[in-house]
Every structure is written in C-alpha cells, then in structure tokens.
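*Asks:* no sequence on this one, just coordinates:
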C-alpha cells in the first residue's frame, strides 16, 4: 500500500495511509530545504511505452557513443516493461533493521572508500548485522581497478555482467532475491543497471534520492539539490531512518 507524507515550512512532517494503516513522524528538516516523502506515484503505465526506432544497420557501423545511447534507450524501454517481483513492503527504521543493502556506482577509489566508511558506520554505530554494498563498475571485467576486491560485504558487477539492454545477468539473482530490511540507492544520477536491481529487489523498504530518477521503484524518496554531495545525502538518509516514527 502506498503511503504519503507532506512537509510544512515549519519543519514538521506527517504521513498517513488509507484505511486503518498509518505511518507518522515529527521532526525538523535537518539540512536546508531537503524534503522526504513516501512514494505515492502510480506504477509505470505499460500502455504508454516510449517509441524506439532501431535502424536496420549492423551496430558495428555506429560510433561507440551512439551505440551506448541506443542501448540505454532500449534498456529503459525494457526497464519500464520489467515486472516488479512480489514483495512484502514494510516501513523500517535503523533501530528495527538487521540487514541493509547499498547500491552505488563505483566512480573512483575515493568514492569507494566513502562507501566502505558508510558500511562501517552501519555496523559500528547502528548495530546492523548484515550489510551488503553492491557496486557497479562501468568498465569491462578485465579493466577493473586494483583497489576493488570481491568480498562478501563489497560485491560488484561490471559491463561484462550486463546483457545488451544493460540488464544485469542471471548471476545477480541471489542479490535480488535476498529480502533485506532496507535497500538504499546511493546513486546521484540515473544508472540503468542499478535501476534494474532496485526495481526487482525483494527488499522490504527501498530508499533513494530524486536525482536517481527511480521514483517508481522507491518506497521512500529524498528530494535533493542537484549539487548535493554523497555525505550530505547520507546525513539525510541517516536522519530520517533514525527519527522516522512508524506506527
């Protein structure tokens, strides 16, 4: 059931749901004019699919950039058609959660170290037992950076693990099928392979920012300034997931 929350200029927020199902919380907005809300948008209407024209010319005649753009358009088409797995939606705070997944694009070593520090804080400061960081590296497997290692908590996949439509291959099903209490998309812009994972994940609560353009796949959305940093975004996430009052 979709929930809605509204924010006033005074900083108080309240949420409600139809019937006898309610969620509510009260607190000031922690940073600037950032707004968070439960997702109430209607599911994607599959009757309104984008029109895609594919020229009948072998793809090796196209420049690489043009081919990548074509893949993204076709991939977006199939993302909209992707059927969401049946899952149990449940609002959860950090105090209630025992497992959390993080989705992110591995941009460079500095960004990777930031993500590792977030995983550490979830363990040490919030007592989360199971944390899994799933990173997408926009390179072929043979070109992955030396600092990236495949470990239980720091998993990754590359362009080599994608189909032509940029959908992660079947090898990612274990991650998708794990019923995390919360999955947090750290993307600050739309990343198609991560959107596929987010949409099909069986996680009970899906959290992300408006910058990822994944609103239809999220349960809780944070409206961020386009220039917001990952640290600012994370402070927002921790504030709401710590202070959210779910009744």
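*Replies:* Cool, got the structure. Everything numeric here is computed off the predicted structure, so don't read it as measured data. Numbers count the residues shown, from 1 in each chain.
*Asks:* pLDDT on stretch 191-199, on average?
*Replies:* For stretch 191-199, mean pLDDT is 92.
*Asks:* Can you give me the neighbour number for residue 108?
*Replies:* 10 (other CB atoms under 10 Å). Where C-beta positions appear, they are placed from N, C-alpha and C, glycine not excepted.
*Asks:* For it, which non-adjacent residue is closest in space?
*Replies:* Nearest non-adjacent residue to residue 108, counting by CB to CB, 6 or more residues apart in numbering: residue 145, 7.9 Å away.
*Asks:* what's near enough to touch residue 202?
*Replies:* Contacts for residue 202 were tallied using CB atoms under 8 Å, 6 or more residues apart in numbering; they are 85, 87, 176, 177, 178, 179, 180.
*Asks:* mind checking how far it is from residue 164?
*Replies:* Separation of residue 202 from residue 164 (CB to CB, to the nearest Å) stands at 25 Å.
*Asks:* Quick one: mean pLDDT over stretch 173-183.
*Replies:* Here the average pLDDT along stretch 173-183 is 93.
*Asks:* hmm, who's touching it?
*Replies:* Defining contact as CB under 8 Å, 6+ apart, one finds that stretch 173-183 is touched by 85, 87-88, 90, 92, 96-103, 130, 132, 134, 155, 197-198, 200-207, 241.
*Asks:* do that again at 6 Å, thanks
*Replies:* For stretch 173-183, the surrounding residues in contact (CB atoms under 6 Å, 6 or more residues apart in numbering) are 92, 97, 99-101, 134, 200-206.
*Asks:* Name whatever forms a beta bridge with the residue positioned nearest the centre of the chain.
*Replies:* Taking CA atoms, centre = their mean, the centroid of the chain lies closest to residue 185, which sits 2.7 Å from it. Assessed by DSSP bridges, residue 185 has beta-bridge partners residue 103.
*Asks:* OK, contacts around it?
*Replies:* 103, 198, 208, 212.
*Asks:* between these, which has the most around it?
*Replies:* residue 208 (28 neighbours).
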